[in-house]
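Chemist: just coords:
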């Protein structure tokens, strides 16, 4: 077990595993979705399908798995701690409200164990009073909240001797069930079971008479069947593999230029991948795209040592500079200082094509200079774009000056 010595999570995990076996599920009949925190260490302990989620989001993932399976012979079990249940409370309540067919198990050790013992929304009054923390602020009663939201079965169990019986009832419930299991945290909370029993009380089982929701999906076509096929029409000088980085500022057309490069390369019979990166603010800061062109299939994205780097703004230069190496061919706007790493060529791309057209203008210059792919392939890729006319002007801007 990956838990601290004496941690109650180990007992809870064994109880869940034994209950799964007693009910008769096979290893491929069960999908366990875990959360972040100490409870999130359970993934490798179960010989079942497992999905590891984000903090508090495990119930939402469990809902998706359950609704996607939509089968009575399979079981979805979601495991999270009291911290995760606090953080993702709305996901938990939504699963109960929709009566999704799944069992949610909450390991409640009364605190955030992985980050130092902070109080959670499920820390009981008595536990907080003894620590002189959050006095007068009541905890969530997750069992009653789930019941009020519509859970078919919800219960709180603190003593390990009662774990398996209650888990069995919860797992055999059709619809949404929740079981809160008391767990000792010997590092930050309690060292003995009677202390845990003093801080947490088992509650009566709460039930609602509801039928599990049946999901009826309409037939849909495979999205892959609707993708446009790209046939080889042009030639390339690339004999193995080439990596190109385009870097600039958000809104500067870097991502679209990279996409058109990838499409043009495919029109030359190459395999292509593209990885785009930009801040969550989208409209400000850097924008960088990493494109791999290859004669053979490429099963990954991203570049550590690009062969070519096209940089058109200071934002892009700051982000791209760590990737430059002595053999990189660096094509920059003439207003930028690229330093002395790599083989550097500067041209007035922004001056001639503007901020939005500079990346495509620079890309065109590189293609004309080295002919690694036919220039007609780029023009063909651009011609089908909704802004083809303005993009063509950007491509030709440097040629006309």
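Modeler: Everything's here; your move. Computed from a predicted structure; not experimentally measured.
Chemist: how about residue 145, what does it touch?
Modeler: By Cβ atoms under 8 Å, 6 or more residues apart in numbering, residue 145 lies in contact with 89, 92-93. Every C-beta, even on glycine, is put in place using the N, C-alpha and C of the backbone.
Chemist: how close does it get to residue 99?
Modeler: 15 Å (Cβ to Cβ, to the nearest Å).
Chemist: Which one (most neighbours) among the contacts of residue 145?
Modeler: Counting neighbours by other Cβ atoms under 10 Å, residue 92 leads the contacts of residue 145 with 30 neighbours.
Chemist: related to what we said a few turns ago, which members of the contacts of residue 145 occur in helices, if any?
Modeler: 89, 92-93 (DSSP state H).
Chemist: In CSV: those, plus distance to residue 77.
Modeler: Listed next are the ones in helices among the contacts of residue 145 as CSV, based on distance: Cβ to Cβ, whole Å:
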residue, distance to residue 77
89, 19
92, 14
93, 18
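Chemist: Which member of those residues is positioned nearest residue 351?
Modeler: Nearest to residue 351 out of the ones in helices among the contacts of residue 145 is residue 89 (Cβ to Cβ; 54.5 Å).
Chemist: wait, what's in contact with that closest one?
Modeler: Residue 89 makes contact with 56, 121, 140, 145, according to Cβ under 8 Å, 6+ apart.
Chemist: Doesn't the last one lie inside a helix?
Modeler: Yes - applying DSSP: H, G, I helix; E, B strand; the rest coil, one finds residue 145 inside a helix.
Chemist: Please produce CSV containing the ones in helices among the contacts of residue 145, extended by pLDDT and distance to residue 159.
Modeler: Listed next are the ones in helices among the contacts of residue 145 as CSV, based on pLDDT from 0 to 100; distance: Cβ to Cβ, whole Å:
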residue, pLDDT, distance to residue 159
89, 96, 26
92, 96, 24
93, 96, 27
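Chemist: Enumerate the positions of stretch 128-137 that are buried.
Modeler: Residues 128, 131 are the ones in stretch 128-137 that count as buried (16 or more other Cβ atoms under 10 Å).
Chemist: Quick check: residue 240 vs residue 101, distance?
Modeler: 51 Å.
Chemist: Between these two, which has more neighbouring residues?
Modeler: The residue with more neighbours, out of residue 240 and residue 101, is residue 101; 27 against 8, by other Cβ under 10 Å.
Chemist: if I read this right, the more buried one contacts residue 76, doesn't it?
Modeler: Yes - using Cβ atoms under 8 Å, residue 101 is in contact with residue 76, at 7.1 Å.
Chemist: hey, what's in contact with both of the two?
Modeler: Residues touching both residue 101 and residue 76 (Cβ under 8 Å, 6+ apart): residue 66.
Chemist: Quick one: the strands in the stretch 101-250 of the chain, in order.
Modeler: Per DSSP state E, counting those that start in this stretch, the stretch 101-250 of the chain has strands spanning 102-108, 111-112, 118-119, 153-157, 176-182, 206-207, 241-249. These are given in chain order.
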